[in-house]
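K.L.:
test case, fold it:
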Amino acid sequence: MLTVKMVVTGPFNAGKTEFIQTVSEIDVVSTERKVTSAEERIKETTTVAMDFGRITVDDSLVLYLFGTPGQKRFDFMWEILSEGMLGFIVMVDSTRPETFREARSILEAFRAFSPTPYVVAASKQDLPDAWDLDDIRVALRLEDGVKILPCVSMNKENVKTVLLELLESILAELES
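P.N.:
Got it, this is the predicted structure:
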């Protein structure tokens, strides 16, 4: 059986925990804690170590999903969680352009940890103030070959599409 470790990363409140919860076949192991800083009161809780979920694709393939903390003060977990990953997803909140620079630096950090395949998931695409994918590509300075996919973290089909796009890239790399 092939097990594939994928990391779901991105800035605070980009939708990482919800993304994993939407598709995991097990109860997600989560390290959520109450948010303490005033500027991050966008939501009540934040991931402090990791989220963990699992998806059995078929008898021969299982995906393990590891979600990273989005807050900078927990970035020491990023390198730990990246060990053994075969690919990663950078989640970007399409409605919060002020987080795009941080998303770019997270992407660069994960590429430095391991030169594995990755995709960018533009979350919250269902909201009226969501940026267009082409504009996000420019803002993040993504090369043409990097896949950027629309995503709504609560939509199981969207989440599956993002995971399958990354999985295709991972399997292609494993075969080469």
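K.L.:
how about the helices in the chain?
P.N.:
Assigned by DSSP state H, the chain shows helices spanning 16-23, 76-82, 100-113, 133-140, 156-175.
K.L.:
contacting residues for the nearest residue to Ile106 once chain neighbours are set aside?
P.N.:
Sequence neighbours aside, Thr9 is the residue nearest to Ile106 in space, at 5.6 Å (criterion: Cβ to Cβ, 6 or more residues apart in numbering). Using the backbone N, CA and C atoms, a C-beta is placed for each residue, glycine as well. Thr9 sits next to Lys16, Gly67, Thr68, Gly70, Trp78, Phe88, Ile89, Val90, Met91, Ile106, Phe110 when contact means Cβ atoms under 8 Å, 6 or more residues apart in numbering.
K.L.:
got these as CSV, with pLDDT columns?
P.N.:
Formatted as CSV, the contacts of Thr9 follow (pLDDT from 0 to 100):
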residue, pLDDT
Lys16, 95
Gly67, 93
Thr68, 91
Gly70, 76
Trp78, 88
Phe88, 98
Ile89, 98
Val90, 98
Met91, 98
Ile106, 95
Phe110, 96
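K.L.:
please consider this matter closed, and thank you.
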